[in-house]
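Asks: Sequence first, then the predicted structure, then my questions.
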Amino acid sequence: MTKVRQFLPKDFERISQITKDSFPYPWSESYLRRTSQKRAGEILIAETAGKTVGYILGYVKHNYCGSVKILAVDPDFRKQGIGRKLIEAIIEKLKKEGAQKIFLKLRAKNTVAENFYEQLGFKKSRILKKYFSNGDDAYLMKKNI
């Protein structure tokens, strides 16, 4: 059984490893450390049998827009509904904080993530050309809540 809870500083090493295991071009450890310190209240952790297996970072911007910055699940725990549980939890949290819509960006080549988010009601809003540092395009996806 997976539960979702608030991030704690002790989770940092594990989310750092999950990030490295999840992305071809992962966020740097220094970025993750700064973000986890600055935005600790905006990170939710998925825990299964006492082990951190995924996390999500999302927050409300000034214009009632939610932003999902990172969603990552340990590769050994994928296809078990953990990502869905995390995105549903962050949507609920952002809605309570006043968000009326949620945006996220993903690598246009990442068809698995694209299909996942579309199943959750996100729609492609536009293409951001050469958005990523390696020149990959991104999709800006949006969901009204």
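Replies: Perfect, thanks for sending it.

Asks: all strands of the protein, in order?
Replies: 2-6, 43-48, 51-60, 65-73, 101-107, 123-128, 138-144 (DSSP state E).

Asks: quick one, longest helix in the protein?
Replies: helix 82-96 (DSSP state H).

Asks: what's near enough to touch the residue nearest the centre of the chain?
Replies: Nearest to the geometric centre of the chain sits residue 71, at 2.3 Å (C-alpha atoms, centre = their mean). For residue 71, the contact set (C-beta atoms under 8 Å, 6 or more residues apart in numbering) comprises 54, 55, 56, 57, 83, 86, 87, 104. From N, CA and C alone the C-beta is placed, and that goes for glycine too.

Asks: Name the nearest of those relative to residue 38.
Replies: residue 57 (10.6 Å; C-beta to C-beta).

Asks: which residues does that closest one contact?
Replies: Neighbour list for residue 57: 35, 39, 42, 43, 68, 69, 70, 71 [criterion: C-beta under 8 Å, 6+ apart].

Asks: let's see it at 6 Å
Replies: Contact partners of residue 57, counting by C-beta atoms under 6 Å, 6 or more residues apart in numbering, are 42, 43, 69, 70.

Asks: Could you turn the buried ones of these into a ChimeraX selection?
Replies: Selection of buried members from those for ChimeraX, criterion 16 or more other C-beta atoms under 10 Å:
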select :42,43,70
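
Asks: of the contacts of residue 57, closest to residue 20?
Replies: Comparing the contacts of residue 57 against residue 20 with C-beta to C-beta places residue 70 closest, at 12.5 Å.

Asks: Give me the pLDDT for the closest residue to that closest one other than its chain neighbours.
Replies: Setting aside the residues directly before and after it, residue 70 is nearest to residue 57 in space (C-beta to C-beta, 6 or more residues apart in numbering), at 4.5 Å. With respect to pLDDT, residue 57 scores 96.

Asks: So what sits opposite residue 57 in the bridge?
Replies: Taking DSSP bridges as the rule, residue 57 bridges to residue 43, residue 70.

Asks: Quick check: end-to-end length of stretch 131-145?
Replies: Start-to-end span of stretch 131-145 (C-alpha to C-alpha, to the nearest Å) is 26 Å.

Asks: and what of stretch 35-45?
Replies: End-to-end distance of stretch 35-45 (C-alpha to C-alpha): 14 Å.
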